[in-house]
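Q: A predicted structure for the sequence below; I have some questions about it.
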Amino acid sequence: MIIADLNEIQGRTYPARRRTQNLVGGLSPVQAKNFSMGNVTLEPNGGQVPWHNQEQEEVYFIVEGEGEMCLGEERRAVRTGQAVFIPSKVFHQLTNTGDKPMRMIYVYGPAGDVAHWKQELEGTLPKAGIDVPALPAGAQPQCTKKPQ
């Protein structure tokens, strides 16, 4: 039996002010062919999974906190207990709009790394409205580098 313990997974910190801990796939001891899963903690007041898309279908489940979810041309408030389905290739962004950390679980399939992780760490994430489609009107701005 292989067990991934969230309390033992250091995870990775990203410039957009979040920490991602792989539970299935990535650096986790648990590997699967058909899906990846992880825990993400977004820092208060703007921690973000920046505007991006990918080949895989995905679900974000909000474990705690409140935020803004942008999906294609839509923008909506999200909160604890809600799940958002993200279709393949649709641009999306999640921003913590609260003053406490926001936690979410992601699941996507099939398994494999997604390009935006590496792009964000390298500072090469495509910019909303310039390199890729614009964010929905009124959305929190995309974070492409760590604020000073």
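A: On my side now, so go ahead.
Q: start to end distance for stretch 3-16?
A: Using C-alpha to C-alpha, to the nearest Å, one end of stretch 3-16 lies 29 Å from the other.
Q: let me fix that: stretch 125-137
A: Here the two ends of stretch 125-137 are set 20 Å apart, with distance taken as C-alpha to C-alpha.
Q: stretch 95-109 too?
A: This stretch, stretch 95-109, spans 22 Å end to end (C-alpha to C-alpha).
Q: same deal with stretch 102-119?
A: OK, stretch 102-119 end separation, C-alpha to C-alpha: 23 Å.
Q: for that stretch, buried residues please.
A: Of the residues in stretch 102-119, 102-104, 106-109, 111, 114, 116-117 count as buried by neighbour count, 16 or more other C-beta atoms under 10 Å. Backbone N, C-alpha and C define where each C-beta goes, glycine included.
Q: before we move on, what about stretch 55-62?
A: In stretch 55-62, counting by 16+ other C-beta under 10 Å, buried: 56-62.
Q: of the buried residues of stretch 102-119, which pair is most distant in space?
A: Pairwise distances across the buried residues of stretch 102-119 (C-beta to C-beta) peak at 24.7 Å, for the pair 102 and 111.
Q: where does pLDDT dip in the protein?
A: Under the criterion pLDDT under 70, the flagged ranges of the chain are 146-148.
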